[in-house]
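Peer 1: Structural data only, the sequence is not supplied:
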Ligand SMILES: Cc1cc2nc3c(=O)[nH]c(=O)nc-3n(C[C@H](O)[C@H](O)[C@H](O)COP(=O)(O)O)c2cc1C
């Protein structure tokens, strides 16, 4: 049995919807449980993170960075960093924004760096870029063409219902991929 935890912040529900799609993908893998943890509740869940096999970090992009509440979670995780409590756990990340680009890559770099500081094993998206040729469209998986992690986007004047189905399918892919890696890997001896 493996346990995937998705830790996320969402100010207006968009990143939460993506987080749910990531969890759906993970629970579609046999012998896998997925737990969603909003950073607002993190103080009740540090133990749950300690026994996770994989942690997927998700934040909206605000002002070209992860949102402030997610950054507060990152800073609070320094108490785990001191003892390298998440070392060798699998990690992955996602960020949602209003613009197609929106400087999301900076947020992804923050998520990746967080995982690396914790000594985790980063799993990228593992998909070729979609929507980048004359045959492509917004319906493609990975329509925003990321490799490091999952990038999703929806209009700033619409709610989570406007998130393209292709982005949610790409989110399910990430959850599935992380769950498969978590199941497949042997624990690394210290
Ligand atoms: C304070 C703030 C800053 C934002 N900065 C950016 C930004 O830098 N780039 C971008 O594309 N969208 C930006 N947005 C739009 C959000 O990324 C977008 O509305 C997203 O869907 C919010 O996700 P959430 O509902 O999970 O909070 C910003 C929104 C807010 C509230």
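Peer 2: Cool, the structure landed. These numbers come from a predicted model, not from an experiment. Numbers count the residues shown, from 1 in each chain.

Peer 1: what residue lies at the spatial centre of this protein?
Peer 2: When C-alpha atoms, centre = their mean is applied to the chain, the residue found nearest the centroid is residue 93 (3.1 Å).

Peer 1: Wait, that one touches residue 115, no?
Peer 2: Yes - assessed by C-beta atoms under 8 Å, residue 93 is found in contact with residue 115 at 7.2 Å. Using the backbone N, CA and C atoms, a C-beta is placed for each residue, glycine as well.

Peer 1: by contact count, what packs against the helix-or-strand element of the chain with minimal mean pLDDT?
Peer 2: Among the helices and strands of the chain, helix 46-50 carries the lowest confidence by mean pLDDT, DSSP states H and E, at a mean of 95. Identification of packing neighbours for helix 46-50 by 3 or more C-beta pairs under 8 Å, 6 or more residues apart in numbering; DSSP states H and E yields strand 2-8, strand 32-38, helix 78-81.

Peer 1: part of a helix, is the residue nearest to the centre of the chain?
Peer 2: No - counting by DSSP: H, G, I helix; E, B strand; the rest coil, residue 93 falls outside a helix, being strand.

Peer 1: Run through the bridge partners of it.
Peer 2: Beta-bridge partners for residue 93, by DSSP bridges, are residue 57.

Peer 1: quick one: common contacting residues for residue 93 and residue 115?
Peer 2: Residues touching both residue 93 and residue 115 (C-beta atoms under 8 Å, 6 or more residues apart in numbering): residue 57.
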